Structures are given as structure tokens and as C-alpha cells.
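Engineer: next come a sequence and a model predicted from it.
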Amino acid sequence: MSNVIKLEEVSRIYGFGNATTVALDEISLSVEKGEFVAIMGPSGSGKSSLLNIIGLLDKPTHGTYHLSSRLVSKLRPGRLAKARRDHIGFIFQSFNLLPKLTALDNVALPLAYKGVSLSKRLQQASLALERVGLQEREYFFPKSLSGGQAQRVAIARALVNNPSLIIADEPTGNLDSHSSRVVMELLAELHSTGSTVLMVTHNPELTRYATRVLYMLDGSIVYDEETKLGEVPARARASTDGMPKDDESEALESVSAFLHEIPAKPAPIRKRLVNNTKKSKMSKSKRKVKKVTQ
Ligand SMILES: Nc1ncnc2c1ncn2[C@@H]1O[C@H](COP(=O)(O)OP(=O)(O)O)[C@@H](O)[C@H]1O
Ligand SMILES: [Mg+2]
């Protein structure tokens, strides 16, 4: 069986009693080895909850999850952590590097948990940093790296274990357009060498790198389509804040309903401002308002 991921009727419910949130509502999903899956959908639709379960950071409330044919949804915490370390590489929007460790030590960390000797760890970490073009930055601390460099270190850390699955939750969400491109090219390279990649994004342009796009709403996958590398599927292109647009009025409705919590639809990459300054945030919110009042 070539399924890397097989979810069957997976639900995730947060909270107890009257104050529960159904973040995932009986999701069934199979992903095969070598797919690059982009996940879109408005804020709160369950994208991170889904990635956290697939990435073994969290367990389903109901349903089953097989990772590489092994039932992992019932594993105890220790075994879950081990399976995670052995099979999964994570990339987060906020990089999640340890500030007191150098780039090299951050990248070597997953190997320490595996019991690899120190000299081997450093050697492999160094190779991983070279793969992301940061061999010159081995001894830099995270605070002396740019956002793009920090994310490349995080990618090196994610790939140092040769994971069967790379999980990226809005990996370019904090990056300027140039760094975003570098990060996406690295993910594309991992994909081209056989890795399976799952990535959440709000940016329709980034579905170019994907072979499949899922659209989530209210804890369900509402569309699931295959796409050619290099192309943005029409549904993703027309999406407003990660949500496909079925008809004009419905789309506007969803914009105003989610306006308070979601970022504006990113402009095409070439038009985005290079610096993530306050000014660019202001102009983003202006765009957002404009869209609604149109
Ligand atoms: N730890 C948590 N405790 C309670 N509710 C949560 C928790 N994490 C997420 N949620 C809720 O679950 C829903 C889905 O959230 P999330 O998976 O983060 O969505 P997305 O990543 O698409 O923005 C939201 O309603 C959110 O408020
Ligand atoms: Mg999220």
C-alpha cells in the first residue's frame, strides 16, 4: 500500500461540556507517497488541527489514523513522540527555533533524541544546512538570522532525519516575497526527491508547487482536486482568503464574516512589498476593506 496517510472519519473536538468546538468533523483522507498537498481555507476552518493530527502532535477525538500503514491514532504519548521523530519533519510559520542554540545545534537536535553520536549529528546537521544554502551560518544564533534564513534553518532541521512526511503550516506566512520563493523552491526540491509534503497556505499562487489542493471549511474538506505542477487551479485563484468562491454574493458574505480574523488575500508575489513593515500591513488592511465595499 502506498498510502502515507490514511485518515478515517477523524474528528477533533476541543473543550468539554457546553463549551466544545468541533475543529475537525469526520474527515476521511488518503495521501500517497510523493504527493504535494496544499491546504487552503479560512482561519478557524481546522487546517492546523488537521496538520497537528497528521503530524502526531495531537490525537483525534474519534476516528483512526494510519501513517505508513501503521495505526498511530491510539499510540501512547512516548510512542507517538518516537513515531513523530522518526517520520515527520515540521516547518511552522514562526520557525520555532530554540533561541539559545546555534543554527547547527538547532538542526542537530532531532538527531540527539534519536541517540545519534555527537560527531555524526554535527556532520549531518552541517550537510542539511548546506542543502538549504546556509553553510556559512552554522554558528549564528536565530536572532542574528533574517526571517528567510531562519526558515531555511527550520527546513534543514525538518529534513535532517530524512522524514517520510514534511508538514508545513503557513511556512511563508512571515516572509517577504523573495524569501517565500526561496523557501518554496526548497520544498519543491524535497518534493522532487520523493518527499511527501503537506502545506497550509493562504496564498493561491503557492498552489503552483502542489499536485493536489484541499479546501477546508468548518472542519470539513469541501473540495479536493488534483492539479498540475506550475499551475494555479481556477478554484484556488478565485479564492478569497483561502476559500473558493462559488458565487459572488456568497463570497462577499464569507469575506465580511471572517474579516476580523483573517489576513487579506495576498497580492500576486511580484507585487508584494519586500519588507514586512507596518506600512505594508496598513496597505494590506486597506485592500481588505476595499474588497468588501466593492
Ligand atoms: N487548543 C484549542 N482549544 C480550543 N479550541 C481550539 C484549539 N485549537 C483550535 N481551536 C479551535 O478549533 C477551530 C479550528 O482551528 P484551527 O485548526 O487552528 O484552524 P485554522 O488553522 O484553519 O485557522 C477553531 O474554531 C479554533 O478556535
Ligand atoms: Mg492555522
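Structural biologist: Received, thanks. Ligands and ions are numbered 1, 2, ... in the order given.
Engineer: which helix or which strand is home to the one residue in the chain that gets nearest to ligand 2?
Structural biologist: Closest residue of the chain to ligand 2, C-beta to the ion: S48 (3.2 Å). C-beta here means a position set from N, CA and C on the backbone, and glycine is covered the same way. For S48, the host element (DSSP states H and E) is helix 47-54.
Engineer: quick revisit: so for the residue of the chain closest to ligand 2, what's the nearest residue that isn't a sequence neighbour?
Structural biologist: D169 (5.7 Å; C-beta to C-beta, 6 or more residues apart in numbering).
Engineer: what about that neighbour, neighbour count?
Structural biologist: Close neighbours of D169, defined as other C-beta atoms under 10 Å, add up to 21.
Engineer: from what I see, it and I91 are in contact.
Structural biologist: Yes: the pair D169 / I91 is scored as a contact, 7.4 Å apart, by C-beta atoms under 8 Å.
Engineer: can you show me the helices along the stretch 101-250 of the chain?
Structural biologist: 103-113, 118-131, 147-159, 177-192, 234-237, 248-258 (DSSP state H, counting those that start in this stretch).
Engineer: is it possible to get CSV of the ones you listed that adds mean pLDDT, distance to D224 and mean neighbour count?
Structural biologist: Listed next are the helices of the stretch 101-250 of the chain as CSV, based on pLDDT from 0 to 100; distance: least, C-beta to C-beta, whole Å; neighbours: other C-beta atoms under 10 Å:
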stretch, mean pLDDT, distance to D224, mean neighbour count
helix 103-113, 93, 31, 22
helix 118-131, 96, 31, 17
helix 147-159, 95, 25, 25
helix 177-192, 93, 18, 18
helix 234-237, 89, 11, 17
helix 248-258, 39, 19, 14
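Engineer: now those as TSV including distance to R70?
Structural biologist: TSV is the format used below for those (distance: least, C-beta to C-beta, whole Å):
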stretch	distance to R70
helix 103-113	19
helix 118-131	25
helix 147-159	21
helix 177-192	22
helix 234-237	32
helix 248-258	37
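Engineer: flag every residue of the stretch 1-150 of the chain that's near ligand 2.
Structural biologist: 47-48 (C-beta under 5 Å from the ion).
Engineer: any weak-confidence spans in the stretch 1-150 of the chain?
Structural biologist: For the stretch 1-150 of the chain, the stretches flagged by pLDDT under 70 are 1.
Engineer: and the strands in it, which stretches?
Structural biologist: Using DSSP state E, counting those that start in this stretch, the strands of the stretch 1-150 of the chain run over 3-14, 21-32, 36-40, 62-67, 70-71, 88-92.
Engineer: give me whichever of the ones you listed is most buried.
Structural biologist: Across the strands of the stretch 1-150 of the chain, averaging neighbours per residue (mean count of other C-beta atoms under 10 Å) puts strand 36-40 on top, at a mean of 25.
Engineer: got the contact list for S11?
Structural biologist: 22, 24-27, 60-63, 219 (C-beta atoms under 8 Å, 6 or more residues apart in numbering).
Engineer: if we can go back for a sec, which one of the strands of the stretch 1-150 of the chain lies nearest to I54?
Structural biologist: Smallest distance to I54 across these (C-beta to C-beta): 5.9 Å, for strand 3-14.
Engineer: packing partners for the helix holding S48?
Structural biologist: strand 3-14, strand 21-32, strand 36-40, strand 62-67, strand 165-169, strand 196-200 (3 or more C-beta pairs under 8 Å, 6 or more residues apart in numbering; DSSP states H and E).
Engineer: okay, angle between it and strand 165-169 too, please.
Structural biologist: 160 degrees (axes from the mean of the first three to the mean of the last three C-alpha atoms, to 10 degrees).
Engineer: quick check: phi and psi on G219?
Structural biologist: phi 80, psi 0 (degrees, to the nearest 10).
Engineer: for it, which non-adjacent residue is spatially closest?
Structural biologist: Excluding the flanking residues, the one nearest G219 by C-beta to C-beta, 6+ apart is D25, at 3.8 Å.
Engineer: mind checking how far L145 is from L127?
Structural biologist: 19 Å (C-beta to C-beta, to the nearest Å).
Engineer: check N161 too.
Structural biologist: Relative to L127, N161 is positioned 12 Å away (C-beta to C-beta).
Engineer: what of G115?
Structural biologist: Separation of G115 from L127 (C-beta to C-beta): 19 Å.
Engineer: could you do S43 as well?
Structural biologist: Counting by C-beta to C-beta - S43 and L127 are separated by 37 Å.
Engineer: same check, this time on L7
Structural biologist: Here L7 is placed at a distance of 33 Å from L127 (C-beta to C-beta).
Engineer: G55 - how many residues pack around it?
Structural biologist: Under the neighbour criterion other C-beta under 10 Å, G55 is assigned a count of 22.
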